[in-house]
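Q: Sequence plus predicted model, see below.
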2 protein chains.
Amino acid sequence: MSAGRQKVDPSEQAFLAGYDASEFPHPSLAVDVVLLTVSEDGLRVALVRRDEHPCLGCWALPGGFVGMKESLDAAAARVLAAKARLKGVFLEQLYTFGAPARDPRTRVVSVAYYALVHPGRLTVADVAELQLGRVQVPWSGETGGPVAVLGADGEALRLAFDHAEVIGMAIKRIRGKLDYAPIGFQLLPPTFTLRDLQAIHEVILGRPLNKDSFRRRMLASGELQPTGEREQTVGHRPAELYHYVGRSARR
Amino acid sequence: MSAGRQKVDPSEQAFLAGYDASEFPHPSLAVDVVLLTVSEDGLRVALVRRDEHPCLGCWALPGGFVGMKESLDAAAARVLAAKARLKGVFLEQLYTFGAPARDPRTRVVSVAYYALVHPGRLTVADVAELQLGRVQVPWSGETGGPVAVLGADGEALRLAFDHAEVIGMAIKRIRGKLDYAPIGFQLLPPTFTLRDLQAIHEVILGRPLNKDSFRRRMLASGELQPTGEREQTVGHRPAELYHYVGRSARR
DNA sequence: TTAATAGTGTCTCTGAGACACTATGTG
DNA sequence: CACATAGTGTCTCAGAGACACTATTAA
């Protein structure tokens, strides 16, 4: 229930059957953001290096505590702006992780968000202690479970807390939403070819897609509008450039 | 991020860029459970009457605060056991609601869960101040948004806080998951006919379904096993009774 | 001209909807 | 018997996969 805990009178005590008064000190509340992007060699996630205990030297998702007068969405947006200098990107709540021992020091419940962005909008260099790890998904379909993340030199990164699970949950979610929500477009520049879009879908789903069927489905959706322009200098016949116009343009 | 807040040394201060130290008092953390069932006249949700301010006399979702050493899932299960005397029912996290002013007194962030149960397992009489309201969904498909809930005498109930939104989110979620997750079976007794199952699906989706196609789809899924028994005394040809055997039985 | 990819036309296969028909219970 | 619903067989239609073919650009 959503009652506050200012005055705990006997009637509220009775009302909250099963609630132990000794539990009144409440958990800390944080947000963690799974910032995903797709580069040429696959799916990538933004991680920051922890410079203190616990998990010193591990890599963690960008995160922060929720302010008292701040909505959860606002907290996630603030974290994204502070850690990755990003504003106005796709950002959606994912799941809330609250295992009692997920942080060994104290109780921290974390509301996880996921964000999607085109790599062109990301400038890793200007944010210290941030890297884009390569995500390795050890399951197919929407099975779910923890993932591995590889660093620049190909070795697996040590991930902090339950963040391997959190990233896995984000992958599972976007795989499920990919074919009915405008997710792929978030990972592309404003104008793109159908082949670009298919590559994004294949990277997210982790399997090849049928070219013909993909083209038909995308064009039939009415969410794409041809710009009349073509890609430049590609060494072969250039493809038409499209841009996303959303659901409303559907006839 | 999932760091605790025991010792806040300068390096952590720098690490948590954008985090204001004045915000350290953290929000209260609660769980609310959307307990849904399907009776003959439609979808129903369990509500408890608030007997104090704010929203005195309104109807609220069963809920409670999260204990310091209790997982979120455990808190939701505890609430369900305390308020509705239910154990072992389907229970899954839904969404976390954290608008700063959702509770007018103090900041309460609520992790919403939804539970599904067959009405035969519910005994409303033995729990005081609990009623099963009739859910009226004012949108179609998976549009989402708040719902209305009607009391026994047909008038709309005044719902506490943002609980109309929370229930709406639960409906949206189960509509989306209905055809790829074993949700319908949770709302039926262990043994049921295909017509029963179709009625459940129709109530959840809020629209009629094609009988032939529904039968084929369900039988082809391999998740149903005929018991060899038939329903009794129905005034016409009795239908075969099935029970749910899960995904593993798929060939 | 050749290489490489863009884009089209068409065939088949599968699943959903529609509908007719048969089967089997109660009153 | 009539009546109501269970359950089956079959036709059609729409979307996905497969594949052949044409189109268009760079080198």
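A: Arrived safely, thanks for sending. The model shown is predicted, which means the values in this text are computed figures rather than measured ones. Residues are numbered from 1 along each chain as shown, chains lettered A, B, ... in the order given.

Q: What is the burial count for whichever residue of the stretch 1-150 of chain A sits closest to DNA strand C?
A: Distances between the stretch 1-150 of chain A and DNA strand C by C-beta to the nearest atom of the strand are smallest at A:E40, namely 13.9 Å. (Each C-beta comes from the backbone N, C-alpha and C, glycine too.) Other residues lying near A:E40 total 7 when counted by other C-beta atoms under 10 Å in any protein chain shown.

Q: How about A:T143?
A: For A:T143, using other C-beta under 10 Å, the count is 11.

Q: and if you look at A:A239?
A: There are 14 residues near A:A239, going by other C-beta under 10 Å.

Q: Next, the contact list for the spatially closest residue to it that is not a sequence neighbour, please.
A: Nearest non-adjacent residue to A:A239, counting by C-beta to C-beta, 6 or more residues apart in numbering or on different chains: A:T193, 4.0 Å away. Taking C-beta atoms under 8 Å, 6 or more residues apart in numbering or on different chains as the criterion, A:T193 is in contact with A:231, A:239-242.

Q: So what's the residue count around the nearest residue to A:C58 once chain neighbours are set aside?
A: Setting aside the residues directly before and after it, A:C58 is nearest to A:A160 in space (C-beta to C-beta, 6+ apart), at 4.1 Å. Residues lying near A:A160 (other C-beta under 10 Å) number 25.

Q: A:G57 is in contact with A:A160, correct?
A: No. Assessed by C-beta atoms under 8 Å, A:A160 is found out of contact with A:G57, at 9.4 Å.

Q: what do these two both touch?
A: A:R50.

Q: residue ranges of the helices in chain A, please?
A: For chain A, the helices defined by DSSP state H occupy A:10-15, A:72-84, A:163-177, A:194-205, A:211-220.

Q: hmm, back to that, now the residue of the stretch 1-150 of chain A closest to DNA strand C. Its backbone dihedrals?
A: The phi/psi pair for A:E40 (degrees, to the nearest 10) reads phi -60, psi -30.

Q: Now do the contacts for it.
A: For A:E40, the contact set (C-beta under 8 Å, 6+ apart) is empty.

Q: Near DNA strand D, which residues of chain A? Just list them.
A: A:209-210, A:212-214, A:216-217, A:220, A:230, A:233-238 (C-beta under 7 Å from any atom of the strand).

Q: filter these to the buried ones?
A: In those, burial by neighbour count holds for A:F214, counting by 16 or more other C-beta atoms under 10 Å in any protein chain shown.

Q: distance of the residue of the stretch 1-150 of chain A closest to DNA strand C from A:V203?
A: In this structure, A:E40 and A:V203 are 9 Å apart, going by C-beta to C-beta, to the nearest Å.

Q: So for the residue nearest to A:F65 when sequence neighbours are not counted, what's the pLDDT?
A: Of all residues not flanking A:F65 in the chain, A:A30 sits nearest, at 5.2 Å (C-beta to C-beta, 6+ apart). pLDDT, the model's per-residue confidence, is 97 for A:A30.

Q: Also A:D20?
A: On the pLDDT scale, A:D20 gets 41.

Q: what do you get for A:A14?
A: Predicted confidence (pLDDT) for A:A14: 42.

Q: Repeat that for A:D126.
A: Per-residue confidence for A:D126 comes out at a pLDDT of 56.

Q: so which of the helices of chain A gets nearest B:F97?
A: For B:F97, the closest of those is helix A:72-84, at 8.1 Å, according to C-beta to C-beta.

Q: What residues does chain A have near DNA strand C?
A: Residues of chain A found near DNA strand C, taking C-beta under 7 Å from any atom of the strand as the criterion, are A:193-195, A:212, A:215, A:235-240.

Q: min pLDDT across the residues you listed, which one?
A: On pLDDT alone, A:G235 ranks lowest of the residues of chain A next to DNA strand C, at 81.

Q: Ramachandran angles for that residue?
A: The phi/psi pair for A:G235 (degrees, to the nearest 10) is phi 80, psi 10.

Q: Let me have the helices of chain A in JSON lines, adding distance to chain B as columns.
A: What follows is the helices of chain A, written out as JSON lines (distance: least, C-beta to the nearest C-beta, whole Å):
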{"stretch": "helix A:10-15", "distance to chain B": "6"}
{"stretch": "helix A:72-84", "distance to chain B": "4"}
{"stretch": "helix A:163-177", "distance to chain B": "8"}
{"stretch": "helix A:194-205", "distance to chain B": "15"}
{"stretch": "helix A:211-220", "distance to chain B": "19"}
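
Q: So for A:R44, which of those helices sits nearest?
A: Closest approach to A:R44 among the helices of chain A is made by helix A:194-205 (9.7 Å; C-beta to C-beta).

Q: buried sites along the closest one?
A: Neighbour count says helix A:194-205 has A:194, A:196-201, A:203-205 buried, by 16+ other C-beta under 10 Å.

Q: With respect to B:I183, which of these is nearest?
A: Of all the buried residues of helix A:194-205, B:I183 sits closest to A:L205, with 23.8 Å by C-beta to C-beta.

Q: Per-residue pLDDT of that closest one, please?
A: What the model reports for A:L205 is a pLDDT of 95.

Q: and if you look at A:G222?
A: At A:G222, pLDDT is 88.

Q: Near it, how many other residues are there?
A: Residues within reach of A:G222, counting by other C-beta under 10 Å, total 14.

Q: Could you tell me the phi and psi values at it?
A: With angles defined as degrees, to the nearest 10, A:G222 sits at phi 80, psi 10.

Q: what pairs with the nearest residue to A:V79 once chain neighbours are set aside across the strands?
A: Spatial nearest neighbour of A:V79, excluding adjacent residues (C-beta to C-beta, 6+ apart): A:G64 at 4.7 Å. On the basis of DSSP bridges, A:G64 is bridged to A:V31.

Q: can I assume A:G64 is in contact with A:A82?
A: Yes. Under the criterion of C-beta under 8 Å, A:G64 makes contact with A:A82 at 7.2 Å.
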